[in-house]
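Student: predicted model and sequence below, questions to follow.
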Amino acid sequence: MSAYKCFMCNKTIDVNYIKKKVRCIYCGSKILFKSRETATKVIAR
């Protein structure tokens, strides 16, 4: 499962909590983002 991170305190928030309320459980911020695991680069030829 993917997890969300808080923009203010940078803590990870479980997806199950986001379904109930869109707020950080640690600081109360409403700005959350989904962190990317890895970035891939494509080389054009």
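Tutor: All right, it came through fine.

Student: tell me the helix or strand right after the worst-scoring helix or strand of the chain on mean pLDDT.
Tutor: The helix or strand of the chain with the poorest confidence is helix 15-20; it has a mean of 80 (mean pLDDT, DSSP states H and E). Using DSSP states H and E, the helix or strand that follows helix 15-20 towards the C-terminus is strand 32-34.

Student: low pLDDT regions in the protein?
Tutor: The model of the chain has pLDDT under 70 over residues 1-2.

Student: distance between the least confident helix or strand of the chain and the chain's centre?
Tutor: 12 Å (Cα atoms, centre = their mean, to the nearest Å).

Student: what comes up buried for that helix?
Tutor: Residues of helix 15-20 classed as buried by neighbour count (16 or more other Cβ atoms under 10 Å): residue 18. Using the backbone N, CA and C atoms, a C-beta is placed for each residue, glycine as well.

Student: send the alpha carbons of that helix over as CSV?
Tutor: Extracted in CSV, the C-alpha atoms of helix 15-20 (Å, rounded to 0.1, in the frame of the first residue of the first chain):
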residue,chain,number,x,y,z
VAL,A,15,-4.0,5.4,3.8
ASN,A,16,-6.8,4.0,6.0
TYR,A,17,-6.8,7.2,8.1
ILE,A,18,-7.0,9.4,4.9
LYS,A,19,-10.3,7.7,4.0
LYS,A,20,-11.9,9.1,7.2
